[in-house]
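**Student:** Let's see this in three dimensions:
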Amino acid sequence: MVIMSANNAVEKTTDNIVNTLKNHDMAQLEKVLGDSFPFKRHFLKQGDHQYHYVNEGQGSPVVMIHGNPSWSYYYRNLVSKLSQNHQCIVPDHIGCGFSDKPSDDEYDYTLAKRIDDL
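**Tutor:** Numbers count the residues shown, from 1 in each chain. Next comes the predicted model:
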């Protein structure tokens, strides 16, 4: 799959994005995403970790929860459309997207923990 920037001048592959995420290089990730993910980054402290979420628009809330492995980028097109009339809240689970990526020793990667985080 190829992702085009808003002006279609630069092609980016999803492999580029995935590799950048795996390397925890958030500055590089911002460059790779370009205009395809234009949302303000919000963070809150979840235990010892930074928890990222998108919060766009106003109106009735729509909460979008991604699966594993995935992240808020998956919902970018829905957020762009729905945020015109709704408040779109899209968290990145710990270990995903712009949230911290602790080791297995530092975080309990279980469904119960994911539910508790929300």
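
**Student:** show me what contacts the residue nearest the centre of the chain?
**Tutor:** Geometric centre of the chain, nearest residue: Ser72, 3.1 Å, by Cα atoms, centre = their mean. Listed by Cβ atoms under 8 Å, 6 or more residues apart in numbering, the contact set of Ser72 reads Phe39, His52, Tyr53, Val54, Met64, His66, Val90, Pro91, Asp92, Gly97, Phe98. Where you see a C-beta, it was placed from the backbone N, CA and C, and this is true even at glycine.

**Student:** Same check on Asp108?
**Tutor:** No contacts exist for Asp108 under Cβ under 8 Å, 6+ apart.

**Student:** so how far is Pro38 from it?
**Tutor:** 33 Å (Cβ to Cβ, to the nearest Å).

**Student:** repeat for His93
**Tutor:** Separation of His93 from Pro38 (Cβ to Cβ): 22 Å.

**Student:** can I assume Gly88 is in contact with Gly57?
**Tutor:** Not Gly; residue 88 is Cys. Yes. Counting by Cβ atoms under 8 Å, Cys88 does reach Gly57; the two are 5.3 Å apart.

**Student:** what sits in contact with each of the two?
**Tutor:** Residues within reach of Cys88 and of Gly57 at once, by Cβ under 8 Å, 6+ apart, are Val79, Leu82.

**Student:** So those two - more neighbours on which side?
**Tutor:** Taking other Cβ atoms under 10 Å, Cys88 and Gly57 do not tie; Cys88 has more neighbours (25 against 19).
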